[in-house]
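**Student:** Fold the stuff below for me.
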Amino acid sequence: MTVYQRWALAASPTGPAQAAAAELADAADWVPLDEADVVIALGGDGFMLHTLHRMLERRMAPGAAPVPVFGMNLGTVGFLMNEWRRHGLQERLARARRFQVTPLQMTATAVDGRICTLPAINEVSLLRETRQTAKLEVRVNDRIVLPELACDGILCATPAGSTAYNLSAQGPILPLGSGMLALTPISPFRPRRWRGAILPDKTRISLTVLDPAKRPVSAVADQREMRDVAQVDISMDRARDLTLLFDPEHALDERITMEQFIA
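**Tutor:** Predicted coordinates:
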């Protein structure tokens, strides 16, 4: 059992999350996020991603240690969250299971030469910007595996993100700890029968936009977008692992596994 001494509270600006934050006002002597050894996040999955990205930014500061996040669902789905309960938070934190999540790193090069490097906890996606089909060259570990993929886009998902946009695009569910990535096309036109690939998470993936002037493509790392890209390189960022906390009966690995049996 782990005892956390310094708690920080992060709440979505939505009404339910703000009301819950008010209920928890006297549950602890809350400290600023930069001083905490655990963060309580109130909201939905989108707010949890926002909070985790704040943790990634914090880890970039010299000497900053990773801080685990315990989320409570006050949104819609709450896949990354625990059940909202006002009481017993200290006991829940002490009993919580720890799950490590490794983000992706996206390095995108724009047509005009700009380079942007962003982390992605769920997925990196490339999407066509206009009515024109995107045409992409796909390379895996510097080997061209698809000289030309005509599609609406493509995404690379982590196990934690495999039940999000990836699943909606008919991609596979990856168990947490599987050491795999899902490379999933979005509405592929040619080759028509290609439905994606499951790759070891040590794989380096490079996506080159063919004819970007006529067929512009944007790249999105979770919620952050860069438009008019020429090439996107994707790999795991093992120096920036994150820790999520879950009630023993609400563990992330089991939830991901059971998603395969939901009709």
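**Student:** going forward, measure contacts and count neighbours with C-alpha atoms only.
**Tutor:** OK.
**Student:** Just the buried residues of the lowest-mean-pLDDT helix or strand in the chain, please?
**Tutor:** Of all the helices and strands that make up the chain, helix 252-258 has the lowest average by mean pLDDT, DSSP states H and E, namely a mean of 79. Counting neighbours by 16 or more other Cα atoms under 10 Å, one finds that the buried residues in helix 252-258 are Leu252, Asp253, Arg255, Ile256.
**Student:** Number of residues surrounding the closest residue in space to the second one that isn't next to it in sequence?
**Tutor:** It stands for Asp253. Leaving aside its sequence neighbours, Asp253 sits nearest to Leu176 (Cα to Cα, 6 or more residues apart in numbering; 5.3 Å). Counted with other Cα atoms under 10 Å, residues neighbouring Leu176 total 21.
**Student:** show me what contacts Leu176?
**Tutor:** Taking Cα atoms under 8 Å, 6 or more residues apart in numbering, we find Leu176 in contact with Pro159, Ala160, Leu252, Asp253, Ile256.
**Student:** Could you rerun that using 7 Å?
**Tutor:** Shown in contact with Leu176 (Cα atoms under 7 Å, 6 or more residues apart in numbering): Pro159, Ala160, Asp253.
**Student:** I figured Asp228 hits Thr109, correct?
**Tutor:** No: in this structure, Asp228 is not within contact of Thr109 by Cα atoms under 7 Å, at 8.8 Å.
**Student:** Which parts of the stretch 51-200 of the chain are helices?
**Tutor:** For the stretch 51-200 of the chain, the helices defined by DSSP state H, counting those that start in this stretch cover 89-95, 165-168.
**Student:** His50: which of those helices is closest?
**Tutor:** helix 165-168 (16.3 Å; Cα to Cα).
**Student:** what is the mean pLDDT for the closest one?
**Tutor:** On average, the pLDDT along helix 165-168 is 94.
**Student:** list the buried ones in that helix?
**Tutor:** The neighbour-count check on helix 165-168 (16+ other Cα under 10 Å) flags Tyr165, Asn166, Leu167 as buried.
**Student:** repeat for stretch 105-121
**Tutor:** Gln105, Met106, Thr107, Ala108, Thr109, Ala110, Val111, Leu118, Pro119, Ala120, Ile121.
**Student:** can you check stretch 132-141 too?
**Tutor:** Using 16+ other Cα under 10 Å as the test for burial, stretch 132-141 gives Thr133, Ala134, Lys135, Leu136, Glu137, Val138, Arg139, Val140.
**Student:** cool, and stretch 93-107?
**Tutor:** Neighbour-count burial for stretch 93-107 [16+ other Cα under 10 Å]: 93, 95-99, 101-107.
**Student:** what's the span of it from first residue to last?
**Tutor:** Taking Cα to Cα, to the nearest Å, stretch 93-107 runs 36 Å from one end to the other.
**Student:** what does that stretch rub up against?
**Tutor:** 1-3, 115-121, 124, 221, 232-238, 240-248.
**Student:** sorry, back to before: now render the buried residues of stretch 132-141 as JSON lines, adding distance to Leu146 and pLDDT.
**Tutor:** JSON lines is the format used below for the buried residues of stretch 132-141 (distance: Cα to Cα, whole Å; pLDDT from 0 to 100):
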{"residue": "Thr133", "distance to Leu146": "16", "pLDDT": "96"}
{"residue": "Ala134", "distance to Leu146": "14", "pLDDT": "97"}
{"residue": "Lys135", "distance to Leu146": "11", "pLDDT": "98"}
{"residue": "Leu136", "distance to Leu146": "8", "pLDDT": "98"}
{"residue": "Glu137", "distance to Leu146": "6", "pLDDT": "98"}
{"residue": "Val138", "distance to Leu146": "5", "pLDDT": "98"}
{"residue": "Arg139", "distance to Leu146": "7", "pLDDT": "98"}
{"residue": "Val140", "distance to Leu146": "9", "pLDDT": "98"}
